[in-house]
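Undergrad: dropping a prediction and its sequence here:
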There are 2 protein chains.
Amino acid sequence: MKRIQTVLVVALSSFLVQPWIQGAGNEKPLDGYTAASSQTERDWEAKFRALPSPENAREYMRRLAARPHHVGSPYDKDNAEWLLAKFKEWGFDAHIENFDVLFPTPKEEKLEMVAPHHFAATLSEPPIAVDPTSSQSSEQLPAYNAYSIDGDVTAPLVFVNYGMPADYEELDRYGVSVKGAIVIARYGHGWRGIKPKVAGENGALGCIIYSDPRDDGYTEGDVFPQGAWRPPTGVQRGSVMDTDYPGDPLTPGVASVPGAKRLSLAEAKTITKIPVLPISYADAQRLLAELRGRVAPSGWRGGLPITYHLGPGPAKVHLLMKSNWDQKKLYDVIAKIPGSDVPDEWVLRGNHHDAWVNGAEDPISGLITELEEARAFGELLKQGWKPKRTLVYCAWDGEEPGLLGSTEWVEAHSDELLQHAVAYFNSDTNGRGYLDVDGAHVLEKFINSVARDVPDPEKDMSVWERRKLTNIEHASTPEEREEARNRADWRIGALGDGSDYTAFIHHLGIPSADIGFGGESGGGIYHSIYDDFYWFTHFGDPTFAYSRAESQLVGTAVMRLANAEMLPFDFTGFADTVKRYLANVQKVLKTDQDELRERSRELEEGVFNATSDPSKPLLAPPKVDPPPFFNFAPLENALDALSASAERFSKAVAKVQASGTPMPASIITRVNRLMMQSGPALTDPAGLPGRPWFQNQIYAPGAYTGYEAKPLPGVLEALDRKNWKEAESQIPREAEALKRETKIIDDATALLQTGSEGQSSSLP
Amino acid sequence: MKRIQTVLVVALSSFLVQPWIQGAGNEKPLDGYTAASSQTERDWEAKFRALPSPENAREYMRRLAARPHHVGSPYDKDNAEWLLAKFKEWGFDAHIENFDVLFPTPKEEKLEMVAPHHFAATLSEPPIAVDPTSSQSSEQLPAYNAYSIDGDVTAPLVFVNYGMPADYEELDRYGVSVKGAIVIARYGHGWRGIKPKVAGENGALGCIIYSDPRDDGYTEGDVFPQGAWRPPTGVQRGSVMDTDYPGDPLTPGVASVPGAKRLSLAEAKTITKIPVLPISYADAQRLLAELRGRVAPSGWRGGLPITYHLGPGPAKVHLLMKSNWDQKKLYDVIAKIPGSDVPDEWVLRGNHHDAWVNGAEDPISGLITELEEARAFGELLKQGWKPKRTLVYCAWDGEEPGLLGSTEWVEAHSDELLQHAVAYFNSDTNGRGYLDVDGAHVLEKFINSVARDVPDPEKDMSVWERRKLTNIEHASTPEEREEARNRADWRIGALGDGSDYTAFIHHLGIPSADIGFGGESGGGIYHSIYDDFYWFTHFGDPTFAYSRAESQLVGTAVMRLANAEMLPFDFTGFADTVKRYLANVQKVLKTDQDELRERSRELEEGVFNATSDPSKPLLAPPKVDPPPFFNFAPLENALDALSASAERFSKAVAKVQASGTPMPASIITRVNRLMMQSGPALTDPAGLPGRPWFQNQIYAPGAYTGYEAKPLPGVLEALDRKNWKEAESQIPREAEALKRETKIIDDATALLQTGSEGQSSSLP
């Protein structure tokens, strides 16, 4: 902390002599840059973008995915040390940071059908001859779901579709209960940890999760090794940690370093309440074929050549799961290039390096793009380039089990990050296709500006243009289509959960973005032994052309943000987006009101009775009182103020830029500092209802969706749970977050106005 | 003709003494009845509805479905003679009418895959032990598609989804041509005859049609004999006659009686241009599994455990189809109860008796309901009841090959029918569930009135109420839902094609309705050997409760229409519906305009290029000039006039009914005669463009949909073919049809006004 404060005073010396004027040429200066610094930046960026090499990316992948490298495995540590050496070789100041975390691995697992006849599930993925690493069975983690509680249960089987809350409402209408049963759910439509969670809440004793061929197997395309999709014996491993908080289950909110206060296993809230096992569709078919009872609703039926029934039974299943509940050591690789002007402002970039098995696609396809960025920066350093701000390049361990490495690191460094972090850029898997960005909306305009400068490897256009044209094609309404055509920037999505940005944005509020290409690779090897070099070089991104594009894109973003005189955060875009989120919340409320009123009316009319076939009855849904109207005024007023404030700030920035008058460095520094507080200002130390670790009041993943974002989560999540009172009670809290943001923006505007009135005497 | 005119003069004598007044009790008189006659009618109807017996229905089915009874088979004739005897036994004046028609049956058929390896399709349906009639192989027609041209072709295979026109547009975008190929299409989404038609138009040499398990096999439910759905070896037979005209392909527009002018086989337009064979999904899987090339679009993938590819090849197929092109004799059973008052006004009722094999569901489930109506009328006759109008009960032969029996009979009797027919009521298959009615909209209000008086066998409500509540549940918009709640009558659908009403309504314009229960039986035995007594009594309507309900419903409709003093046709409902059809046509035009303009714009923007994956490219769709704006004024004006005219008529009827003044019988007779002309007034002797046999300008099946109705067909069908000029040119023709209708209604109104002004001196 002390070190940083000293550095602050000498910041941005070069900026003093650069007037904020339009570029002399045709090109508008980059946002946050002077005309001259913009030109310099563009020149360096062009040099940078020439450097990433597909061949290097391929070789990194060959090395990093050569052996299984899950948390605690020899090759996980080996990879971390290799990464460390690489970063050092490229001129980074790098080290490994360790954390000791709870990471269970299978000790004993068994799944057998005991009635109507015996069948033992294989629970294993066989090697495939053409695929050399698929035979590394001695190092492969067995197929399992990490953080499943130990258990040994025998019970009739019930099919629960994707096992999400709405599926249980449907089961109720069919008169099928999972109480005392083992459920079998298919993968998809939400974080896999939701499936055992909801099953347990409904009284199930155990949970099986399988990959249906309709979701990522033969229905989608030819199966591996003929094609990219999941073969009958492929199994999706994965964590089933609950969504209360990510990271080490024993150290919520604090770093799992020596001496940290640790919960006992029994106290850990994020371990499942019932045992879970994942299986292949070859195994699943044997079980599902022995279910009878009602035929599953049409939307529930997958691609297996059977009639899907709900059960319960006659299939009866014995599920045994026991883990080694050891602590394992994480190896986070942290590599820095110190900033030349403002080393206390950090631009962070990360990707995880751990995998479930060989993990060529997940995560190596993302990690290799980060490595080529780092190598290219090393080259630029040799040519005399220096970033103004400090670059922090991270290779996280333990992402797969539950974002362990990034979460523990963020928890360990939260004070520093709140002071120094400008933004965090994440990638994870990368493939062929279209650019996809989710992130904090203050970065939306910035990301768009970067995407305009990166060529698409397949088409004669920028990745920005290709995304825009795709948005036109995929627009679901004419209004959406016209917006896709006419809006200056395309919209980025909100961040949910599922990769290492979570602790940055949801715990601390640091503006983050998750960036990747995809949509053309397809595939069904996710979290299986077949996610390896052979698969990726045949079906993922065989020429590594998109690996190069991703390096160019994210590297440019990192450089451009690191070198900007003024941080190019756009608050008008943020305000515009939050307005949409509010409109969405209001629409959800209205839909709840309409649907529940309609349901009551139909219950009174006897509609459900009239349309129920006595030979296969469908019970009426329960009567639920519709929500009342809410007082949205606090949010609406806060949002109005935020919009006005954001407008004033944009105008002030534009005025400074147009005036050509030099802006005192101290003002710029203070404005940047304020902007760096704007993300954390959205957090509330009390967190979300029931999820105190999630402090961001604007962005959050859903507690019952996992991956999917639930913007304005306090209200939206309570609506999902039909807790109308709690939903309304969260409106003022979200309004307060926006007010804090508004105050910061207003302060920044005032500073700029002061500065542009020529008070250059206030130099440091 | 002469006989009829004589009868006219003595008509409706009993009506003279019945004033048109409201009933004294709470019950409003039935439409078209006086208070007194309404009460009498209600009493007889109640007696009637007590008569139909599930046990009788079961025994009829046991008898009629005991052996295969397709056109030309011994049991087809045997059934006709049995039916004749039954009608006679019940007091009907009955006879058999014969026609000699072209009905090809297989002489030689073969389907084998010759590459990449050899596989011979079984083309047969094996007996199932528990199902006694499934083993009657010596009498069963082989699985085939009637009216397939003879052919012997060998070519690579291409998968074309449902084989409808839109599927070929999609294939174009995938760069796949069927020229010189044999296509394999799945059953569904349109008349099966469209599939070889469109395949041939696109240059294919042959066509295979199979039943995908996703459409009516294991994906839908347990397969026969465990459940109602299609087993792997089940094959759907069926006609592939083209849609230019139904009936004998050699005698379009005229009856195929001795001496009729017959086309040569080569001249017959409705025989396919390429050979066709239907197969089971067990056979289809073997062929589809050997296709490669592009993976089929996601909506095309069925339920087989394979990746669906488009081809062409490497599967190469040899298809051989040769028929005996014999004339076969049809046995239409025609049974009458002459009307006591107006024998020259006929209420017709029909169901076919021929089947593809044993046909318990199709058509015996419908025929047995008609038989119980007939038996009940026989009982009523014994009790002294007489219908005022003549009842004509028909059991058609040759429906399955192409509505042969009904079409030839209608063509033979068209002049009489145009003079005497009041309405035609059809059923075909019947099952458990909800009432479904398609028909002429002058009958909508009437059918609703009847449905209110028939109890649902499963629920404590009328079949009308159950349909209404179902409509509320299935409404797709809040507006539709409110209409379902608040409109006095639920809407009936428009008639397309697919059963024996076609010649009545589409050729002659006679108001018709197709009535049946269904939605709870399910099943996949359609046109297979498993559609038999065993299947129906296990899965169709095992208690025959809905057989009874159908007899009650259709029988009540027949009685009520036969005994009404004034025909209860409702022209306001008709006008209201045609307004909706016009709005639909205008919406289709607008959508075409918007979509084709949007497409042009996207072509210019390069959207299709940008979103095409180079490793699996999707070609841009062709540029098509959007349609111009049309002059709809002629139709809009005609419709306005029709609405006003219908309103005036309704008011005139209400006034007569309220006045209590006796209405001269001659006036009533003339008003009824006018109403009987109102249906035929919608026809135009020149027919529809390209389909002269289809003369109705308001109702028609689609030339490229078959089953589905295309109301205002002249405009709508031309829009489908993107022939903008022809589309607009049909507007005045449709307007003229409405003007003819309006004139008739105005004449009837004038007559009623004359009559109600007390001119009772104008008695005959």
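TA: Arrived safely.

Undergrad: over to the residue of the stretch 201-350 of chain A found nearest chain B. Which of the three states is it?
TA: Of all residues in the stretch 201-350 of chain A, residue A:305 sits closest to chain B, at 4.2 Å by Cβ to the nearest Cβ. Every C-beta, even on glycine, is put in place using the N, C-alpha and C of the backbone. The three-state assignment at residue A:305 reads coil, by DSSP: H, G, I helix; E, B strand; the rest coil.

Undergrad: quick one: residues contacting it.
TA: A:285, B:213, B:218, B:303, B:304, B:305 (Cβ atoms under 8 Å, 6 or more residues apart in numbering or on different chains).

Undergrad: I'd like the residues you listed as CSV, with pLDDT appended.
TA: Converted to CSV, those look like this (pLDDT from 0 to 100):
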residue, pLDDT
A:285, 98
B:213, 98
B:218, 98
B:303, 98
B:304, 98
B:305, 98
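
Undergrad: export stretch A:529-547 to CSV, keeping only CA atoms.
TA: Output of stretch A:529-547 as CSV, limited to C-alpha atoms (Å, rounded to 0.1, in the frame of the first residue of the first chain):
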residue,chain,number,x,y,z
ILE,A,529,-10.5,-37.0,-21.8
TYR,A,530,-11.1,-36.3,-25.5
ASP,A,531,-10.6,-32.6,-25.0
ASP,A,532,-7.0,-32.8,-26.2
PHE,A,533,-4.5,-31.7,-28.8
TYR,A,534,-5.8,-34.2,-31.3
TRP,A,535,-9.4,-33.0,-31.0
PHE,A,536,-8.4,-29.3,-31.0
THR,A,537,-6.2,-29.5,-34.1
HIS,A,538,-8.9,-31.4,-36.0
PHE,A,539,-12.0,-29.7,-34.9
GLY,A,540,-11.3,-26.7,-32.6
ASP,A,541,-9.2,-24.1,-34.4
PRO,A,542,-6.9,-26.3,-36.5
THR,A,543,-4.9,-23.4,-38.0
PHE,A,544,-4.8,-21.5,-34.7
ALA,A,545,-6.0,-18.5,-36.8
TYR,A,546,-8.5,-17.5,-34.1
SER,A,547,-5.9,-18.0,-31.4
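
Undergrad: buried sites along it?
TA: A:529-537, A:539-541, A:544-547 (16 or more other Cβ atoms under 10 Å in any protein chain shown).

Undergrad: which secondary structure element of chain A has the lowest mean pLDDT?
TA: Here the helix or strand of chain A ranked lowest by mean pLDDT, DSSP states H and E is helix A:2-9, holding a mean of 32.

Undergrad: now do the helix or strand following it: which elements does it pack against?
TA: Using DSSP states H and E, the helix or strand that directly follows helix A:2-9 along the chain is helix A:35-49. Counting contacts by 3 or more Cβ pairs under 8 Å, 6 or more residues apart in numbering or on different chains; DSSP states H and E, helix A:35-49 is packed against helix A:365-382, helix A:545-563.

Undergrad: among those helices, which is the most enclosed?
TA: Stretch with highest mean neighbour count among those: helix A:545-563 (a mean of 26; mean count of other Cβ atoms under 10 Å in any protein chain shown).

Undergrad: got the angle for it vs helix A:365-382?
TA: Helix A:545-563 and helix A:365-382 are oriented at 50 degrees to each other (axes from the mean of the first three to the mean of the last three Cα atoms, to 10 degrees).

Undergrad: show me what contacts the closest residue to chain B within the stretch 51-200 of chain A?
TA: Proximity of the stretch 51-200 of chain A to chain B (Cβ to the nearest Cβ) peaks at residue A:173, 12.7 Å away. Neighbouring residues of residue A:173 by Cβ under 8 Å, 6+ apart: A:618, A:619, A:620, A:621.

Undergrad: rerun at 10 Å
TA: A:297, A:608, A:612, A:617, A:618, A:619, A:620, A:621, A:622 (Cβ atoms under 10 Å, 6 or more residues apart in numbering or on different chains).

Undergrad: kindly state the pLDDT recorded for it?
TA: pLDDT for residue A:173: 98.

Undergrad: separation between it and residue A:593?
TA: Residue A:173 is 22 Å from residue A:593, where distance means Cβ to Cβ, to the nearest Å.

Undergrad: what's around the residue nearest to residue A:230 when sequence neighbours are not counted, how many residues?
TA: Closest residue in space to residue A:230, ignoring its immediate chain neighbours: residue A:524 at 2.9 Å, by Cβ to Cβ, 6 or more residues apart in numbering or on different chains. Around residue A:524 there are 27 other residues, counting by other Cβ atoms under 10 Å in any protein chain shown.

Undergrad: residue A:121 too?
TA: 24.

Undergrad: same check on the one 10 residues further on?
TA: The local packing of residue A:131 (other Cβ under 10 Å) involves 19 other residues.

Undergrad: just the helices from the stretch 301-450 of chain A, written as ranges.
TA: Taking DSSP state H, counting those that start in this stretch to define them, one finds helices in the stretch 301-450 of chain A at A:365-382, A:399-402, A:404-412, A:414-420, A:444-451.

Undergrad: to chain B, which of those helices lies closest?
TA: Closest among these, using Cβ to the nearest Cβ: helix A:444-451, at 13.8 Å.

Undergrad: what's the ChimeraX syntax to select whichever of the contacts of residue A:173 are buried?
TA: Applying 16+ other Cβ under 10 Å to those leaves a buried subset, and the ChimeraX line that selects it is:
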select /A:297,608,612,618,620
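
Undergrad: roughly how far apart are residue A:509 and residue B:125?
TA: 67 Å.

Undergrad: more crowded one of the two?
TA: Set residue A:509 next to residue B:125 and count neighbours by other Cβ under 10 Å: residue A:509 wins out with 27 against 21.

Undergrad: which element, helix or strand, includes residue A:706?
TA: Counting by DSSP H and E, residue A:706 is found in no helix or strand.

Undergrad: tally of neighbours for residue A:261?
TA: By other Cβ under 10 Å, the residues close to residue A:261 number 10.

Undergrad: which residues touch it?
TA: Contacts of residue A:261 by Cβ under 10 Å, 6+ apart are A:250, A:251, A:252, A:253, A:254.

Undergrad: so which of those wins on neighbours?
TA: Comparing the contacts of residue A:261 by number of neighbours (other Cβ under 10 Å), residue A:251 comes first, having 23 neighbours.

Undergrad: distance check, that one against residue A:77.
TA: Relative to residue A:77, and taking Cβ to Cβ, residue A:251 is found at 21 Å.

Undergrad: likewise residue A:703?
TA: For residue A:703, the distance to residue A:77 (Cβ to Cβ) stands at 34 Å.

Undergrad: just the helices in the stretch 151-300 of chain A please.
TA: A:165-173, A:194-201, A:213-216, A:281-288.

Undergrad: need those in TSV with distance to residue B:272, can you?
TA: Below are the helices of the stretch 151-300 of chain A laid out as TSV (distance: least, Cβ to Cβ, whole Å):
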stretch	distance to residue B:272
helix A:165-173	44
helix A:194-201	51
helix A:213-216	35
helix A:281-288	40
